[in-house]
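Engineer: What follows is a predicted protein model with its sequence.
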Amino acid sequence: RLSEESLSTDSTTLPELFDQQVARTPEATALLFREEKLSFRELHQRANQLARHLISLGIGPEQIVALALPRSFEMIVSLLAVLKSGAAYLPLDPDYPTARLAFMLRDSQASLVITAGDIIGEAIREVTQIQQVDNTEIPVLDLNDTELQFTIAQFNRESVAQVERIRTLTPQNLAYLIYTSGSTGQPKGSYVTHAGLVNLTRWYINQIKLGPRDIGLLISAIGFDLTQKNIFSPLTVGASLRLPHRKTNEIDEIIKLVLKDKTSWMNCTPSTFSLFLDAAFASDSGIDSITSIKNLVLGGEPIKSANLEYWLKESSSHVQILNGYGPTECSGIAVAWPSLLGDYAKNVSLKLPIDSPIGQPIFNTQIYILDATLSPLPVGVTGELYIAGAGVGRGYLGRAGLTAERFVANPFAQSGETGHRMYRSGDLARWTEDGVLEYLGRADAQVKIRGFRIELGEIEAELASIPDIAQCTVQARGEDGAKQLVAYLVPTAD
């Protein structure tokens with residue numbers, strides 16, 4: 001067992017952290033989108049107006065508001081507005097299949113959907129048709145509607161006070177709900193609280209030394225758990241965040257944005273960054289096109305060091321590379337390894353490890369490597385990784401049995417320590433003599449591809465529902481950076 005140093009969360013919620021930053025740097029640039037900029041003051045005021053409209057509709061703590069918006073100022077305004085109202089947000093990626101979006105809307109019992117135009121109209125219509133049987137219908141706020149824009153503009157732009165909410169907002173309230181792949185054939189919703197997200201955000205800012213002069217680039221989708229900390233960290237420390245246009249999917253375009261903004265920090269999966277490096281090497285500016293990056297946070301899959309070594313040794317970059325590990329159920333990062341430094345890689349007598357360790361616990365987090373009887377295992381012995389502390393979420397929406405199976409009582413909790421429950425990760429790991437964690441794979445059939453958790457059973461269940469398929473199995477094939485899912489099918493006799 002190893003427990004990282006503590007950092008008080010001060011009973012703070014995310015809206016409070018953001019409001020405090022607005023007071024410090026009201027005119028600083030908070031967001032960049034295309035050729036436009038939005039200051040902290042403007043973002044604050046627009047979010048407050050929408051939050052008050054939500055409150056007027058009866059939205060508040062412990063309710064879920066679905067967000068289905070492309071990357072835009074409105075996406076961040078809406079996300080902050082939901083939190084300021086006291087509610088939790090459900091991020092919906094508009095590129096998801098209609099059936100998956102409709103399932104998440106139904107399963108979450110979202111009180112409201114905030115969208116723009118008909119971006120997920122088909123999914124909303126599917127849910128509406130089902131709910132009309134019970135004489136209920138999910139309300140939709142279309143931010144493109146001019147009448148709605150006029151209504152929102154009439155609300156006060158100042159900070160939302162606690163007394164205005166329909167219920168008191170506390171750090172124990174839900175901040176967001178994100179769906180992950182489920183082994184039963186259906187995704188499962190995982191709850192994360194303000195306390196967990198605030199703890200992660202403060203550790204993240206401290207770890208990468210994020211400050212007002214930094215500019216980050218948000219290249220991951222809003223529905224990805226990796227994304228959440230990359231939105232809140234700059235907004236609570238005075239840094240700027242670039243939102244690429246929804247159609248900016250080409251790596252070459254991302255490199256142009258890095259050059260344009262002098263991006264200082266990025267977070268993505270190792271396979272995504274490998275493509276990014278290949279494109280940078282081949283660009284007109286060569287490797288110098290990305291020398292502005294001072295902090296690179298990788299996670300979601302193992303790091304392969306070949307490209308990183310070449311970049312760090314051949315460029316003039318002085319970059320810290322942080323390897324982050326953590327499940328959605330524990331706010332996104334529970335363990336990190338910050339030892340991959342540019343100066344370290346430039347020393348030709350030293351080599352980066354082929355498979356980087358996942359490191360040590362973040363603030364207010366405890367890690368245990370246990371056997372089947374929940375007994376701690378000695379250094380060097382492989383066991384299952386359990387996570388306890390501030391980041392552990394509430395469990396799964398509507399899945400009491402699965403929650404009881406994965407979120408278990410912590411027999412090692414001490415008085416005054418955060419977290420009296422442990423999350424059973426299903427990951428296999430071991431401690432090294434230096435007190436560092438090594439990731440050794442899964443104890444079940446779950447796989448990760450480009451950072452996304454995939455339960456093979458979910459895909460197999462979908463395939464098995466097709467009448468012409470008698471039997472099927474799904475396997476992950478290939479190396480981490482180019483891993484693919486392959487289905488093997490046996491047709492019915494006729």
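Structural biologist: Yep, it's here.
Engineer: Please name the residues that touch T201.
Structural biologist: For T201, the contacting residues are L14, L17, K229, F232, S233, T236, by Cβ atoms under 8 Å, 6 or more residues apart in numbering. C-betas here are computed from N, CA, C, even on glycine.
Engineer: Output the contacting helices and strands for the longest helix seen in the chain.
Structural biologist: Looking only at the chain and at elements set by DSSP state H, the helix with the highest residue count is helix 40-56. Using 3 or more Cβ pairs under 8 Å, 6 or more residues apart in numbering; DSSP states H and E as the contact criterion, the neighbours of helix 40-56 among helices and strands are helix 14-24, strand 29-33, helix 73-85, helix 146-153.
Engineer: In contact with E27, which residues?
Structural biologist: Each residue near E27 by Cβ under 8 Å, 6+ apart is listed here: S39, F40, R41.
Engineer: hmm, back to that, could you tell me how far whatever helix or strand comes next after the longest helix of the chain lies from the centre of the chain?
Structural biologist: Towards the C-terminus, the helix or strand next in line after helix 40-56, according to DSSP states H and E, is strand 64-68. When distances are taken as Cα atoms, centre = their mean, to the nearest Å, strand 64-68 is centred 15 Å away from the chain's centroid.
Engineer: Which parts of the chain are helices?
Structural biologist: Counting by DSSP H, residue ranges of the helices within the chain are 14-24, 40-56, 73-85, 98-108, 121-131, 146-153, 194-208, 225-235, 251-261, 270-282, 306-314, 342-346, 400-406, 456-464.
Engineer: Can you tell me which of those helices is most buried?
Structural biologist: Highest mean neighbour count of the helices of the chain: helix 73-85, a mean of 26 (counted as mean count of other Cβ atoms under 10 Å).
Engineer: neighbouring contacts of it?
Structural biologist: When contacts are taken as Cβ under 8 Å, 6+ apart, the neighbours of helix 73-85 outside the stretch itself are 13-15, 18, 31, 33, 36, 38, 43, 46-52, 54-55, 59-60, 65, 67, 69, 88-89, 91, 114, 116, 143, 160, 165, 175, 222, 231, 235, 241, 243.
Engineer: Also stretch 436-444?
Structural biologist: In contact with stretch 436-444 (Cβ under 8 Å, 6+ apart) are residues 183, 302, 325, 335, 337, 357-360, 367, 369, 382, 384-385, 426-432.
Engineer: Buried among those residues? Make that a ChimeraX selection.
Structural biologist: Buried members of the contacts of stretch 436-444 can be picked out in ChimeraX with the line below, counting by 16 or more other Cβ atoms under 10 Å:
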select :183,302,325,335,337,357,358,359,360,367,369,382,384,385,427,428,429,430,431
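Engineer: need the helices of the chain in TSV with mean pLDDT, can you?
Structural biologist: Supplementary listing: the helices of the chain in TSV, determined by pLDDT from 0 to 100:
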stretch	mean pLDDT
helix 14-24	97
helix 40-56	98
helix 73-85	98
helix 98-108	90
helix 121-131	73
helix 146-153	97
helix 194-208	94
helix 225-235	94
helix 251-261	87
helix 270-282	83
helix 306-314	69
helix 342-346	45
helix 400-406	93
helix 456-464	67
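Engineer: want to try a markdown table for those, with distance to I293 as columns?
Structural biologist: Below are the helices of the chain laid out as a markdown table (distance: least, Cβ to Cβ, whole Å):
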| stretch | distance to I293 |
| --- | --- |
| helix 14-24 | 23 |
| helix 40-56 | 24 |
| helix 73-85 | 22 |
| helix 98-108 | 33 |
| helix 121-131 | 37 |
| helix 146-153 | 37 |
| helix 194-208 | 11 |
| helix 225-235 | 14 |
| helix 251-261 | 7 |
| helix 270-282 | 10 |
| helix 306-314 | 10 |
| helix 342-346 | 10 |
| helix 400-406 | 36 |
| helix 456-464 | 35 |
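Engineer: Which among those helices is found nearest to N295?
Structural biologist: Smallest distance to N295 across the helices of the chain (Cβ to Cβ): 4.2 Å, for helix 194-208.
Engineer: Quick one: the contacts of T201 as TSV, columns for distance to S465 too.
Structural biologist: Formatted as TSV, these follow (distance: Cβ to Cβ, whole Å):
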residue	distance to S465
L14	40
L17	45
K229	36
F232	39
S233	41
T236	45
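Engineer: residues touching S264, list them.
Structural biologist: By Cβ under 8 Å, 6+ apart, the contact list for S264 reads R213, D214, I215, G216, S292, I293, K294, N295.
Engineer: With K262 instead?
Structural biologist: Counted by Cβ under 8 Å, 6+ apart, K262 has contacts I215, S292.
Engineer: Tell me how far it lies from L31.
Structural biologist: With the distance defined as Cβ to Cβ, to the nearest Å, K262 ends up 16 Å from L31.
Engineer: Quick one: distance of stretch 29-48 to the chain centre.
Structural biologist: Distance of stretch 29-48 from the chain centroid (Cα atoms, centre = their mean) equals 22 Å.
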